[in-house]
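Visitor: Sequence plus predicted model, see below.
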Amino acid sequence: MASEARSEYKLKTPPDDAISSVRFAPKSSYVLIVSSWDSYVRLYDVLGNNVRTKYTHNQSPVLDTLMTVTFDE
């Protein structure tokens, strides 16, 4: 039986305010980018359940994200 990709993850360190956008990286099922009303964009490694990096946007909400970088599986 083939294994199916997970469709749900619970992050240990989610954003502090409402999430405005969630996207997986192109060609990746484990790199997730999340924007939030807390003025941050976070890049998560969902397999390791950690934040790879976090960017701030001048104390203003971040309403959307777009990722064009690909990550090797």
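Guide: Yep, that arrived. Numbers count the residues shown, from 1 in each chain.
Visitor: Can you classify the most centrally placed residue in the chain by secondary structure?
Guide: For the chain, I33 is the residue whose C-alpha lies nearest the centre (CA atoms, centre = their mean; 2.6 Å). Following DSSP: H, G, I helix; E, B strand; the rest coil, we place I33 in the strand state.
Visitor: H57 versus the closest residue in space to S60 that isn't next to it in sequence, what's the distance?
Guide: Distances taken as CB to CB, 6 or more residues apart in numbering place S39 nearest to S60, at 5.7 Å, with adjacent residues excluded. C-beta: built from backbone N, CA, C; applies to glycine. Distance, S39 to H57, by CB to CB, to the nearest Å: 5 Å.
Visitor: So T68: helix, strand or coil?
Guide: T68 - assigned by three-state DSSP - is coil.
Visitor: Might you report the residue contacts of it?
Guide: Residues in contact with T68 (CB atoms under 8 Å, 6 or more residues apart in numbering) are P26.
Visitor: mind starting the numbering at 211 from now?
Guide: Noted, 211 is the first residue going forward, which turns the last one into T278.
Visitor: any idea how far it lies from A228?
Guide: 25 Å.
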